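[1] Pasted the sequence and its predicted model underneath.
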Amino acid sequence: MEPNAIPPAAGMHLRRLRDLSDFEVADGNPDVRGWDVRGSDGEKFGEVYELIVEPEAMKVRYLEVELDASFNVNERDRHILLPIGAAALDDEADNVFVPSLTKEAVINYPPYADIYISREYEEAMLRALNLPVPVAGSNDFYTGDSYDASRFYTRRPARLGSAQHPSENVS
């Protein structure tokens, strides 16, 4: 089943990377789509399906994950979002580790319905992962560690470097 694009509308600040023709993964950063997502115990929870970006900031904010069928979640609810800073790379084995992701967290996790991503949804997601929730009404929602992409990308071997391409790339 191919989920629809996040619909454009006033206040819609997040989009799928594949829906943005002028954007691509930044040079030196691996494209993690298709990589296994594993919890702190190494158990596979699913695969990275897509990257959700904030075009104005040119930053990846979420990993869209399709949960493994073994969770017996109906197909409609098998996609979740994970904040980029809550994950770590293992690019030697093409894995994304999310230390705060557990079976209990997945069961209590709000499914991503491929529609408008409200602040309430974002806050519910952070609570399910036991991550700090920014102060309500804050203009700096994405400034905390949970959204710090450098925490995600700098956990990989330095041999890949950190060069940024001057065109519209996202990190």
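    Structure received.
[2] can you pull the pLDDT of the residue most central in space within the chain?
    In the chain, the residue lying closest to the centroid (Cα atoms, centre = their mean) is Leu63, at 1.8 Å. On the pLDDT scale, Leu63 is placed at 94.
[3] Does it touch Gly34 like I think?
    No - the pair Leu63 and Gly34 does not pass the contact test of Cβ atoms under 8 Å, sitting 11.5 Å apart. Using the backbone N, CA and C atoms, a C-beta is placed for each residue, glycine as well.
[4] hey, what's in contact with both of these two?
    Val48 (Cβ atoms under 8 Å, 6 or more residues apart in numbering).
[5] so how far is Asn74 from Ala86?
    Applying Cβ to Cβ, to the nearest Å, one obtains 25 Å for the distance of Ala86 from Asn74.
[6] Leu63 too?
    Summarising the geometry, the distance separating Leu63 from Asn74, computed by Cβ to Cβ, is 21 Å.
[7] ok, now Asp148?
    Here Asp148 is placed at a distance of 33 Å from Asn74 (Cβ to Cβ).
[8] Of the two, give the one with the bigger neighbour count.
    Asp148 (17 against 7; other Cβ atoms under 10 Å).
[9] Tell me how many other residues crowd the closest residue to the more buried one other than its chain neighbours.
    Nearest-residue entry for Asp148: Gly85, 4.1 Å, with adjacent residues in sequence omitted and distances by Cβ to Cβ, 6 or more residues apart in numbering. Neighbours of Gly85 under the rule other Cβ under 10 Å: 19.
[10] Who are the contact partners of Asp77?
    Applying Cβ under 8 Å, 6+ apart, we find Asp77 in contact with Pro111.
[11] next one: the one 5 residues further on
    For Leu82, the contact set (Cβ under 8 Å, 6+ apart) comprises Val37, Tyr62, Leu63, Val65, Val98, Leu101, Met125, Leu129.
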